[in-house]
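I would like to see how this sequence folds:
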Amino acid sequence: MSTILVVDDDDQLRISFQKLLTEEGYTATGAASGEAGLESVRENLPDLVILDFQLPGINGLETFKAIHGIEPRLPVIMMTAYGTTETAIEATKMGAFDYVLKPFEVPDMLKLIRQGLEAGRFMRSPVDMNGAPGRTLNEALIGRSRAMQEVYKAIGRVAPTDATVLIRGESGTGKELVARAIYQHSMRQNRPFLVINCVAIPDTLLESELFGYEKGAFTGAVHRRVGKIEQAHGGTVFLDEIGDMPFSLQSKMLRLLQEKSIERLGGRDTIPTDVRIIAATNRDLEKAIRDGRFREDLYYRLKVVTVWLPPLSGRAGDIPLLSEYFLARYAAEEGMDNPGITERAGALLTGYPWPGNVRELSNVIRKALIFNRGAPLFPEDIALAVSEKGSPGGGPEAENLEDVIRQLVRRELSARADENLFDTCMDQFAKVLISEALNLTSGNRSRAARLLGLSRPTLHSRIEKYKIELHTSVKGQKK
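Predicted coordinates:
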């Protein structure tokens, strides 16, 4: 549960704000002055601070500077009246996460709080490289394959430099973790780390989000706004899914990389910037260049250093390590004992192609753990967790399965003309399906029935109908 400190001398506003945050599931504390706020930060470091500018004693700006000195990666959201906007902008340039004008809209403030907490977690939660299962429950890059060893080496070599980095790989391979690891091992690790997802923000808002805007730049721009690039001065900006950045913005990004400067939307002043850019994409940028959707000059500016992340299917030997890590981590998060994974379940995990890569494996392990209620994970538990988003639901795996079945059906139709061909084929298919389910569950009929979506009596009658015999190795298992 995240802890939020509200520093404001307006008792009514502060108490109401604390109540609202508590109702939203946060732990909220308050302070009526800058001095009290600093004492609270020193005694019990919160996850985020909401700080008013107009305070008795030391003002908000001085309080922010002191908080920044205690923990520079602690996100601070400033609250300000319209007349102190320029001071708020100055604080933002110094490292404040953002600022809001009083009075503010509650939904907008709650959204900003969520963003600030996420940014703080990114900056302060360590990413272990090659963390061993059982020795770390932090977010980690797991793997001992040769491909992952090359990733670790690349991170170690590029992190201490200021070089621009382009991280490439399929969706779900862990590109954000690599970006955070580079940041946390860099010389900018005590400065801001801001994440911009170029897909999640509408094209019409992305420019102002990145570069800010001047008063009057468009309808509703009632004051100057600092963009994320300026907010991250001295730090790092991670541009996720940069392959989807609108073509119209790419020239501005090129200028940032070439000249280390930007212009706010609606402004003419050139603003020097000092940020390191780390970008990531799962797109084929070379094809995008040929299609005229991505600037070639920006491409070469971004790929000063390229880190390639392999798909999980290309490092199947790492799947057991990843499975153990996710199981231990999620069991700890859920307050459960680690139930372990049976050998057959581990084999099933290793043999699955994982089109969603590490993210899909993570989700499947967590889902199986929750629904299995602390018992060891069996193959059918994994199969059920996979089936919710895997081949039975559609996509490439389903298409491949359908193709295989179609070929078998065509062969039977060409070779036979029995009157009961339909019933015969359906019975053959049902017999194979039930036999494989029983083998997968080591002969446990209750588990097999659950896997097939049948009642236990129905399964029993089908076993007798098709005269299915269990293999010797599973006859002794509980039925």
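
what number of residues lie near residue 107?
8 (other Cβ atoms under 10 Å). C-beta coordinates here come from the backbone N, C-alpha and C atoms, glycine included.

residues contacting it?
If a contact means Cβ atoms under 8 Å, 6 or more residues apart in numbering, then residue 107 has no contacts.

which of the three states applies to it?
Classification of residue 107 using DSSP: H, G, I helix; E, B strand; the rest coil returns helix.

let's have the chain start at 35 instead
Let's use 35 as the start, then, which means that last one is residue 141.

low pLDDT regions in the chain?
116-117, 164-170, 422-453, 504-513 (pLDDT under 70).

mind listing the strands for it?
Shown for the chain, the strands assigned by DSSP state E span residues 37-41, 61-65, 82-86, 110-114, 132-135, 161-163, 173-175, 199-202, 227-231, 270-274, 295-296, 305-306, 310-315, 339-342.

pull out the buried residues from the second one.
Judged by neighbour count using 16 or more other Cβ atoms under 10 Å, the buried positions of strand 61-65 are 62-65.

could you redo those as CSV and give each row distance to residue 139?
Putting these into CSV (distance: Cβ to Cβ, whole Å) gives the following:
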residue, distance to residue 139
62, 19
63, 23
64, 21
65, 24
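
which of the residues you listed lies closest to residue 278?
residue 62 (36.9 Å; Cβ to Cβ).

so how far is residue 113 from the closest one?
15 Å (Cβ to Cβ, to the nearest Å).

what sits against the residue nearest the centre of the chain?
By Cα atoms, centre = their mean, the chain has its centre lying nearest to residue 210, at 7.0 Å. For residue 210, the contact set (Cβ under 8 Å, 6+ apart) comprises 229, 272, 274, 314.

out of the buried residues of strand 61-65, who's nearest residue 332?
residue 62 (43.4 Å).

is that closest one in contact with residue 49, as I believe?
No. Using Cβ atoms under 8 Å as the test, residue 62 is too far from residue 49 to be in contact (9.8 Å).

domains in the protein, by residue range?
37-158, 180-343, 347-427, 450-509 (automatic domain parsing).

for these, which one sits closest to residue 172?
Using Cβ to Cβ, the domains of the chain put domain 347-427 closest to residue 172, at 8.6 Å.

contacts only, for residue 353.
346, 383-384, 388, 395.

ok, 7 Å please
Residues near residue 353 by Cβ atoms under 7 Å, 6 or more residues apart in numbering: 346, 383-384, 395.

who wins for most neighbours among those residues?
residue 346 leads the contacts of residue 353 on contacts (other Cβ under 10 Å) with 25 neighbours.

contact partners of stretch 227-235?
Contacts for stretch 227-235 (Cβ under 7 Å, 6+ apart): 153, 156-157, 217, 240, 243-244, 262, 265-266, 269-276, 278-279.

what of stretch 286-294?
198, 245, 263, 279, 295-296, 306-308, 311, 329, 331-332, 335.

now those as a markdown table including neighbour count and distance to residue 190?
Putting those into a markdown table (neighbours: other Cβ atoms under 10 Å; distance: Cβ to Cβ, whole Å) gives the following:
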| residue | neighbour count | distance to residue 190 |
| --- | --- | --- |
| 198 | 16 | 17 |
| 245 | 24 | 32 |
| 263 | 25 | 27 |
| 279 | 24 | 28 |
| 295 | 13 | 31 |
| 296 | 23 | 31 |
| 306 | 10 | 30 |
| 307 | 18 | 27 |
| 308 | 13 | 24 |
| 311 | 22 | 20 |
| 329 | 18 | 30 |
| 331 | 13 | 29 |
| 332 | 25 | 27 |
| 335 | 18 | 23 |
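
of the residues you listed, closest to residue 76?
Using Cβ to Cβ, the contacts of stretch 286-294 come closest to residue 76 at residue 308, 29.2 Å.

isn't the closest one right up against residue 268?
Yes. Taking contacts as Cβ atoms under 7 Å, residue 308 lies within contact range of residue 268: 5.5 Å.

show me the helices in the stretch 135-284 of the chain, by range?
Assigned by DSSP state H, counting those that start in this stretch, the helices in the stretch 135-284 of the chain fall at 140-158, 180-192, 209-218, 237-245, 262-265, 281-293.

mind checking how far stretch 243-250 is from the chain centre?
28 Å (Cα atoms, centre = their mean, to the nearest Å).

cool, and stretch 186-194?
Counting by Cα atoms, centre = their mean, stretch 186-194 comes out at 21 Å from the chain centroid.

next, the buried residues of that stretch.
For stretch 186-194, by 16+ other Cβ under 10 Å, it's 186, 188-189, 192-193.

now tabulate these in TSV and tack on distance to residue 58.
Output for the buried residues of stretch 186-194, formatted as TSV (distance: Cβ to Cβ, whole Å):
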residue	distance to residue 58
186	39
188	40
189	36
192	39
193	36
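
and which of those is nearest to residue 79?
residue 193 (25.3 Å).

how about the closest one, what does it touch?
With Cβ under 7 Å, 6+ apart, residue 193 has these contacts: 216, 219-220.

list only those of the residues you listed flagged as buried.
216, 220.

stretch 133-150: which residues count as buried?
133-134, 143, 146-147, 149-150.

pull the distance from that stretch to the chain's centre.
With Cα atoms, centre = their mean, you get 23 Å for stretch 133-150.

and stretch 55-74, by the same measure?
With Cα atoms, centre = their mean, you get 28 Å for stretch 55-74.

end-to-end on that stretch?
18 Å (Cα to Cα, to the nearest Å).

likewise stretch 97-112?
11 Å.

so which bits of it are buried?
97-98, 100-102, 105-112.

all helices of the stretch 285-434 of the chain, in order?
Under DSSP H, counting those that start in this stretch, the stretch 285-434 of the chain gives helices at 319-324, 330-336, 353-367, 377-385, 391-406, 413-421, 430-449.
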